[in-house]
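**Student:** Any chance you could fold what I've pasted below:
(2 chains)
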Amino acid sequence: MPVEIDIEHVAKLARLDLSDEETERLRTQLAQILEHAARVGEVAAADVAPTASPIPRANVYRDDVAEPCLPVDEALRNAPERDGDRFRVPRIAETGG
Amino acid sequence: MSDALCDLSGAELSAKLATGETSASDVLASSRARIDAVEDRVGAFLTRTDQLASERAEELDAYLSSGAPQSPVAGIPIALKDVLTTNGVRTTCGSKILETYVPPYDATAWARLAGAGAVLVGKTNCDEFAMGSSNENSAYAPVHNPWDLDRVPGGSSGGSAAAVAAGEAVWALGTDTGGSVRQPASLCGVVGLKPTYGRISRYGLIAFASSLDTVGTFTRTVRDAASMLQVLAGHDPRDATSLDVPVAVYTEGLGRGVRGLRVGVVTEAFGEGVEPGVAASVRAAIDRLAALGAEVGKVDLPHAAYALSAYYLIAPSECSSNLARYDGVRYGYRAPGEHADSIAMMFATRGQGFGPEVKRRIMLGTYALSAGYYEAYYGQAQKVRTLVIRDYEAAFERFDVLVSPTSPTTAFRIGEKADDPMAMYLNDIFTIPANLAGVPAISVPCGLDDGGLPVGIQLTTPALDEATLFRAAHALEADLALDLRPPLLEKAG
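**Tutor:** Predicted coordinates for the structure are as follows:
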């Protein structure tokens, strides 16, 4: 069964700008890949527990002790744009008024 | 050129270093001469670390001449796949989005090798964010297989495999999420190890699919793989999935042979799509194991047929989540120009910064996790994963080691599968199940096909039983006694 995918919607969820050409190519390719991947549905597994990690380890704790962390200058060294001790970005909210 | 130090194994080099017959600087000079001779044709490296390596080798020589005890890793020229962070050395993941990224910390795997005296010669090319099976998804350049420069080295750790095959490095680290160490090892005629999930820390392995990602090794001998794992294995509080269980002595049982070892041949792995030359070579190797005294039988992994489907839901799902961090805010590429707001900046940054395969997988994962599809795709894939694990549990009740081809084909031509994602994904059909189950597996060269291209056999053991993996692989390697030198090196004279 061919899969119909709303590529524009998925790209929006993934925050990816796609060209028209990329959108059309992905529409075809994702349908092909998902047709193969959908074979997982052929396996009767209603009573099987899912596996999220191959070697299950739950609630791995460490002692609540403060440790040295990255100095501010180091943390900012790779920043595309910096403003003092902060990352600078384009506006993130409506300016209002 | 056949007498070059860089063509020796790590064990041989270590012995020469211990007696003072050679120095770390000489070994490095040999590796560097090889890089200078072949790198313009192979293209294994994205970044060379010549200066750092020279300083390191000099320090080591001062230390070694003091007679101090020496790790088997000391003085060995090592290449690192460019998805492992190196403090102060650019780490790109083969992506434009991290072209200028200089990490402020070392990956634990590298820190352990460095602490034992390894010499870093460079960071190797790979498929972008380790997504691919041919190295053609690198944002920078393809890597050429030293056995035939028109062919791919495999992937995603193609640069690491090619570097070791060509003698540019003696050892290398790669990462294996669905076969990305074992498949290129097979295609380049070297030994590729993917240990148990959690055996080597993932701290500093830039994440693709966290429940599958495993640091692995490239060497030219099984003994070297065991020596390397010895240094790499162990608990790391910085990785919550790293296993806090004792580390075996991996070289101890190497000479014990395979007499009495129960070897299961995975029947599904000799079906449609396996090249005759691959099947013939692997079958001949299995016959040798039987001749050496192994008890060889057949085994079924009934859900292995669904493993590829499950993988192409689980890995992209985890990828879409992990790669959300590339947003042009804290590090990496930011799309130039004025943006209406930060969200618009993120759309543009990600659209420009990621290549086609990464976009394809982010889209696939985002879709598989989206409302209304989660249960049918991701949820069901996780259940299939459980069934794959049960298949292995049943198989290991009857067998100590499972064997199959590593890859259905030998190295294919650059461009041959580049436009067909499904054909490319099928390269990993025999390697993916071990990632889903977290069990260790190794690819060992077992011959050449009619075209003179290397074939690899894959051995798999239960979780944490790397010792048996090395024991069986070593016995086979010793018996086959292959002389694997890529033709490139003969011509390089």
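**Student:** Please name the residues that touch residue B:347.
**Tutor:** Residues near residue B:347 by Cβ atoms under 8 Å, 6 or more residues apart in numbering or on different chains: A:15-17. (Each C-beta comes from the backbone N, C-alpha and C, glycine too.)
**Student:** With pLDDT, neighbour count and distance to residue B:456 as added columns, please give those in TSV.
**Tutor:** Output for those, formatted as TSV (pLDDT from 0 to 100; neighbours: other Cβ atoms under 10 Å in any protein chain shown; distance: Cβ to Cβ, whole Å):
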residue	pLDDT	neighbour count	distance to residue B:456
A:15	98	20	39
A:16	98	23	36
A:17	98	16	40
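**Student:** can I assume residue B:193 sits in a strand?
**Tutor:** Yes: Residue B:193: assigned to a strand according to DSSP: H, G, I helix; E, B strand; the rest coil.
**Student:** ok, it - contacts?
**Tutor:** B:181-182, B:216-217, B:219, B:225, B:228-229, B:440-442, B:466, B:469.
**Student:** gap between it and chain A?
**Tutor:** Distance from residue B:193 to chain A, counting by Cβ to the nearest Cβ, to the nearest Å: 17 Å.
**Student:** one step back: and which of the contacts of residue B:347 is nearest to residue A:63?
**Tutor:** The nearest member of the contacts of residue B:347 to residue A:63, counting by Cβ to Cβ, is residue A:15 at 37.3 Å.
**Student:** quick one: residue B:335 and residue B:362, what's the gap?
**Tutor:** The spacing between residue B:335 and residue B:362, counted by Cβ to Cβ, to the nearest Å, is 16 Å.
**Student:** Now do the strands in the chain.
**Tutor:** Defaulting to chain A. With DSSP state E as the criterion, chain A has strands at A:82-83, A:86-87.
**Student:** wrong one, chain B
**Tutor:** B:45-48, B:77-81, B:119-124, B:171-176, B:191-194, B:214-219, B:262-266, B:295-299, B:401-405, B:441-448, B:454-460.
**Student:** And the residue nearest the centre of chain B?
**Tutor:** Centroid-nearest residue in chain B: residue B:181, 2.1 Å away (criterion: Cα atoms, centre = their mean).
**Student:** which phi and psi does that one have?
**Tutor:** phi -100, psi -50 (degrees, to the nearest 10).
**Student:** What's the per-residue pLDDT of it here?
**Tutor:** pLDDT, residue B:181: 98.
**Student:** How about the closest residue to it other than its chain neighbours: which residues does it bridge to?
**Tutor:** Counting by Cβ to Cβ, 6 or more residues apart in numbering or on different chains, the nearest residue to residue B:181 once its immediate chain neighbours are dropped is residue B:216, at 3.4 Å. Under DSSP bridges, the beta-bridge partners of residue B:216 are residue B:174.
**Student:** Residue B:216: neighbour count?
**Tutor:** 32 (other Cβ atoms under 10 Å in any protein chain shown).
**Student:** now it: how far from residue B:296?
**Tutor:** 26 Å.
**Student:** mind listing what the residue nearest the centre of chain A touches?
**Tutor:** Nearest residue to the geometric centre of chain A (Cα atoms, centre = their mean): residue A:14, 6.8 Å. Residues in contact with residue A:14, defined by Cβ under 8 Å, 6+ apart, are B:320, B:350, B:362-363, B:366.
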